[in-house]
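[1] model the structure of this input:
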Amino acid sequence: MHRQSAYILVLAVAVLVTIGLVMLYSTGAFAPDSHGDQFNFLKKQSFWLGVGFAFSILFALLDYHQLEKAWFALFPLALGLLTLCFIRPIGMRINGSWRWIHAGPVTFQPSELAKLAAIIFIAWWFSKFEAKCKQFLMGLIFPVVVAATLLVPIVMETDLGTTLLIGTTVLLIMFVAGASPKYLGPLVIVSVAALLGIAWHISQRQGRLLAFLHPDLYQEKEGHQQWMGLIAFGSGGVEGLGLGNGRQKMLYLPYAHTDFIFPVIGEELGLRVTLVVVFCYLLVVTCGILIALNAKDRFGMLLGFGCTAILSLQAAINVGVTTSLFPNKGLPLPFISYGGSNMFFCLICIGILINIYRQGKEDSTIANTTMAVRHVSRM
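    The predicted structure follows:
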């Protein structure tokens, strides 16, 4: 399957993007900030899709080993942009969070760049210091402290969902790289406890935790989105109500075009299409892991695994939140939800995976050719 993994990966992403554009067309007219233009979000998403596609091709063609050197510039750039989120008029506060910066007509979430910077850094660190990956300082303290410098401003933005996403991805890469489980285990426990403690001391996040534990008591407050999402899934059933016929998007389900677009898919297109979406994400995970396992070197393997892990975790968290399996995190559904920054980052991850696939395949072809030449020469 590895030989076709890149083609299957691109096909799965194409299906997800197509479903996303169709659903943005369906939900766009009812969003409060659409300004009466049904095509408003569709046009903006298409713009970022075009930009992301161009950059994904660039990342697919350039040697991914250049990223080993680029992290020295990418890391401080991400940190600087995260700092700008708190500085007006560049930074923007939306729904109580300082997550966005804007320059003219362009609005961007620096945390998306931080995801890429964190993945590249951890992959570089554990490929450079492979022999020391089980040590306490070199295999745990140093890489965690450096990665945490990106997480601190994201926590200050009150973006705990992205903090959890990046932190979990970093720990998974460290585990795959060979970091000692006896050090990682306590770190995971401390990190989860710290994140829950921070969430509990922020009133809105505390309400989300309580709504998750007692959904019936908070269905008109913090649990309203998830409650309406479940109603949407139930209304759609197996067949769905038909494209455009959903009712929850009509101001009943807040953010139906972003974080909670998955329930609208279930309501309008039914269980069958939601299962297609889940199956496409499973294909992305499978193909991404195959590409990483067949990378030509350790850096490529860790980088490919990191890109795959962060995409799959984000999809799993979004699906879990919208089906009330997890507390509300505010993370978009990759390739489907409205959000230019996230679409841009996700497509770059796909470009990197294709690059790793190309170089791994070329290396395999050269090795096979060499073996064939040696075999002929012996004859």
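[2] name the residues that touch the helix or strand harbouring G52?
    For G52, the host element (DSSP states H and E) is helix 40-61. Applying Cβ atoms under 8 Å, 6 or more residues apart in numbering, the contact partners of helix 40-61 are 17, 20-21, 24-25, 27-28, 31, 34, 257, 338, 340-341, 343-348, 350-352, 354-355, 358. (C-beta placed from N, C-alpha, C; glycine too.)
[3] stretch 127-137 now?
    Residues outside stretch 127-137 that contact it (Cβ under 8 Å, 6+ apart) are 68, 126, 138-139, 177-180, 183, 297-299, 302.
[4] same thing but at 10 Å, please
    Residues outside stretch 127-137 that contact it (Cβ atoms under 10 Å, 6 or more residues apart in numbering): 68, 125-126, 138-143, 174, 177-183, 297-303.
[5] from one end of it to the other, what's the distance?
    In stretch 127-137, first residue to last residue: 16 Å (Cα to Cα, to the nearest Å).
[6] before we move on, the earlier item: show the buried residues in the contacts of stretch 127-137.
    The neighbour count (16 or more other Cβ atoms under 10 Å) marks 68, 125-126, 138-140, 143, 174, 177, 179, 183, 299-303 as buried among the contacts of stretch 127-137.
[7] just give me the closest of those residues to T107.
    Checking the buried ones among the contacts of stretch 127-137 against T107 by Cβ to Cβ gives L303 as the nearest, at 28.1 Å.
[8] phi, psi of that closest one?
    phi -70, psi -50 (degrees, to the nearest 10).
[9] leaving aside the residues next to it on the chain, what's closest to it?
    A123 (4.2 Å; Cβ to Cβ, 6 or more residues apart in numbering).
[10] could you count how many residues lie near that neighbour?
    27 (other Cβ atoms under 10 Å).
[11] do A14 as well
    Residues lying near A14 (other Cβ under 10 Å) number 12.
[12] related to what we said a few turns ago, next one: the very next helix or strand once past the helix holding G52 to chain centre, how far?
    Where DSSP H and E defines the elements, the next helix or strand beyond helix 40-61 is helix 66-84. Centre-to-centre, helix 66-84 and its host chain are 18 Å apart (Cα atoms, centre = their mean, to the nearest Å).
[13] which helix or strand lies directly C-terminal to helix 66-84?
    Next along from helix 66-84, by DSSP H and E: strand 91-94.
[14] pLDDT weak spots in the chain?
    Filtered on pLDDT under 70, the chain yields the residue ranges 1-2, 32-37, 95-96, 362-379.
[15] all strands for it, in order.
    Remark: strands assigned in the chain by DSSP state E are 91-94, 97-103, 106-108.
[16] the longest one: partners in the sheet, and parallel or antiparallel?
    The reference is to strand 97-103. If you go by DSSP bridges, strand 97-103 pairs up with strand 91-94 (antiparallel), strand 106-108 (antiparallel).
[17] so which of the ones you listed gets nearest L217?
    Of all the strands paired with strand 97-103, strand 91-94 comes closest under Cβ to Cβ, at 27.4 Å.
[18] taking the contacts of stretch 127-137 one by one, which sit in helices?
    Among those, the members falling in helices (DSSP state H) are 68, 125-126, 142-143, 174, 177, 181-183, 298-303.
[19] picking that back up, restricted to buried residues, select the contacts of helix 40-61 in PyMOL.
    This is the PyMOL syntax for the buried subset of the contacts of helix 40-61, where burial follows 16+ other Cβ under 10 Å:
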select buried, resi 17+20+21+24+25+27+28+31+34+257+338+340+341+343+344+345+346+347+348+350+351+352+354+355+358
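[20] narrow the contacts of helix 40-61 to those in helices?
    Short answer: the contacts of helix 40-61 in helices (DSSP H) are 17, 20-21, 24-25, 27, 340-341, 343-348, 350-352, 354-355, 358.
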